[in-house]
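Student: Model the structure of this input:
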Amino acid sequence: MGIDVTFLKEGQKGQALQTATQLAEFIKAAKSSLHIAIYDFRLKDPKLSDLVLTALNDKAASGVEVKVAYYAGRPAANTSSGDNALVEMDINQFIEVGGDPAPIGTDTFLENMPKDSKVQMKGITGSKLMHNKFIVRDVNTPDAALWTGSANFTDDAWTYQENNIVQITSPELCAYYETDFQELWQSGDIRSTGVNDTGTVKIGQISVDVAFAPGEGQTIDQMISSIISTAKKRIKIASMVITSHGILGALDDAIQNNQVADFGGIYDGTQMGNVLKLWQKSTNSDGIAATFKEVATHLASKHSTPYSPTGKHDFMHNKVVVCDDIVVTGSYNFSRSATQNAENVLVLHDRALADKYSTYIDELIKHYKTTKATTKKA
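Tutor: Sure thing, here's the model as predicted:
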């Protein structure tokens, strides 16, 4: 049993092909089942798509039960006012869903499967997002393994975004993910999924907590806030957006009270800029906007490409917080919307892993602070 982590950064040569190869190898190792819950699955580069789709089809053809549950919700389009109105609508919707809308195309991409493919596919709907990115392999066997983290299965996610991928071998942990997968698969909707689906397992000497939204969305938000509030030595955060009142409040308290000696992090400045614009339209949001601005003075930001459905999606896409020797990671953005989405969260209690994640976040901070300074000089 073990835990392996992979860190993605924008612009790393060969990273997309390496990630596709890594995913294909994970798939090829399946002996009995592969259950995939994925938000965005669109691989345009044939080198990437061939690797992953061939692995899936070969496994299904060999008798492995391969099921893909994907997000099937679609934003309503209103083009009556022209292209500019459509872009503005998409940005507002982008913020409403927590800063991470899936462009149209997952179902079209999956239609590239051969007509005789044995891969089973089901679109998952809901008033909010089926935002998971996990695979449960060979559940109910001693070799059961999990793939999860923040990375979608897209060219952009593996090329331009900052993401982390976690692979864990653990029958006990996989059982929790299988419960969530089956709820999604059987209902075809995110409603009521994740309720009471929380627990703690041991992976070697490492204690791992797991929870799923929307059923335990509020619990997750409170848990992350509490972990931040009880940190004594370091707090490092890497989150695309930070809009949860509880999490922002805990971060602000840590700053005001000099709670830890080592505080820092990074967020996506472009996407949070859109959030601030909406907050400024409402006097009820004055307090939370002020709190974010205070916290943001202690963080670096990535200035990604403004969102559009067909544009370059180069977001700082991690959803990670490190507090002392604890790592929180998964698909869960640190936003109110995340409490209502279908999400998964892992809490890893291990100094070595916390050190790895902390070093990774520090590297991102250094890079984007340098990038910002260079841009200003230019």
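Student: all strands for the stretch 101-250 of the chain, in order.
Tutor: 120-124, 133-137, 145-149, 153-154, 163-169, 198-203, 206-213, 234-239 (DSSP state E, counting those that start in this stretch).
Student: To clarify, my last question referred to the stretch 251-378 of the chain.
Tutor: 262-268, 300-302, 319-323, 326-330, 343-349.
Student: Of these, which stretch is the most buried?
Tutor: Ranked by mean neighbour count, the strands of the stretch 251-378 of the chain are led by strand 319-323 with a mean of 27 (mean count of other Cβ atoms under 10 Å). Placement of C-beta: from N, CA and C, glycine included.
Student: what packs against that one?
Tutor: Applying 3 or more Cβ pairs under 8 Å, 6 or more residues apart in numbering; DSSP states H and E, we find strand 319-323 packed against helix 217-229, strand 234-239, strand 326-330, helix 351-377.
Student: Relative to the whole chain's centre, how far out is it?
Tutor: Strand 319-323 has its C-alpha centroid displaced from the chain centroid by 12 Å (Cα atoms, centre = their mean, to the nearest Å).
Student: Pull the residues that contact it.
Tutor: 150, 164, 224, 227-228, 230-231, 234-240, 265, 327-334, 354, 357-358, 361 (Cβ atoms under 8 Å, 6 or more residues apart in numbering).
Student: Share the number of residues neighbouring residue 259, please.
Tutor: Residue 259: 18 surrounding residues under other Cβ atoms under 10 Å.
Student: Next, count neighbours for the closest residue to residue 246 other than its chain neighbours.
Tutor: Spatial nearest neighbour of residue 246, chain neighbours left out: residue 225 (4.0 Å); criterion: Cβ to Cβ, 6 or more residues apart in numbering. Number of residues near residue 225 (other Cβ under 10 Å) recorded here: 20.
Student: 47 is where my numbering starts, stick with that
Tutor: Taking 47 as the first residue, the last one we looked at is residue 271.
Student: OK, contacts around residue 271?
Tutor: Applying Cβ under 8 Å, 6+ apart to residue 271 gives the contacts 290, 292, 293, 295, 296.
Student: Any figure for the gap between residue 64 and residue 406?
Tutor: Taking Cβ to Cβ, to the nearest Å as the measure, residue 64 falls 16 Å from residue 406.
Student: Pick out whichever of these two has more residues nearby.
Tutor: residue 406 (21 against 14).
Student: confidence score at that one?
Tutor: With respect to pLDDT, residue 406 scores 98.
Student: Helix, strand or coil: sort out the nearest residue to it once chain neighbours are set aside for me.
Tutor: Excluding the flanking residues, the one nearest residue 406 by Cβ to Cβ, 6+ apart is residue 53, at 4.7 Å. Put simply, residue 53 is strand when judged by DSSP: H, G, I helix; E, B strand; the rest coil.
Student: Pretty sure residue 53 sits against residue 210.
Tutor: Yes - counting by Cβ atoms under 8 Å, residue 53 touches residue 210, with 5.5 Å between them.
Student: what is in contact with the two at once?
Tutor: With contacts defined as Cβ under 8 Å, 6+ apart, the residues shared by residue 53 and residue 210 are residue 406.
Student: which of those two has more neighbours?
Tutor: residue 210 (24 against 20).
Student: so where's this structure shaky on pLDDT?
Tutor: Along the chain, segments meeting pLDDT under 70 span 47, 120-149, 417-424.
Student: I'd like to know how far the nearest residue to residue 196 once chain neighbours are set aside sits from residue 365.
Tutor: Counting by Cβ to Cβ, 6+ apart, residue 196 lies nearest to residue 209, which is 4.7 Å off, once chain neighbours are set aside. The gap separating residue 209 from residue 365 is 9 Å, by Cβ to Cβ.
Student: between those two, what contacts are shared?
Tutor: Contact criterion Cβ under 8 Å, 6+ apart; residues shared by residue 209 and residue 365: residue 196.
Student: who does residue 79 bridge with?
Tutor: On the basis of DSSP bridges, residue 79 is bridged to residue 111.
Student: ok, now which ones touch it?
Tutor: Here residue 79 is in contact with 110, 111, 112, 113, 182, 183, 184, 185 (Cβ under 8 Å, 6+ apart).
Student: CA atoms only for stretch 406-416, dumped as CSV, please.
Tutor: In CSV, the C-alpha atoms belonging to stretch 406-416 read as follows (Å, rounded to 0.1, in the frame of the first residue of the first chain):
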residue,chain,number,x,y,z
TYR,A,406,5.3,22.6,-4.6
ILE,A,407,3.2,25.5,-3.5
ASP,A,408,6.4,27.5,-2.6
GLU,A,409,7.6,26.9,-6.2
LEU,A,410,4.4,28.2,-7.6
ILE,A,411,4.5,31.2,-5.4
LYS,A,412,8.1,32.0,-6.4
HIS,A,413,7.3,31.5,-10.1
TYR,A,414,4.2,33.7,-10.3
LYS,A,415,5.6,36.4,-8.0
THR,A,416,8.6,36.6,-10.4
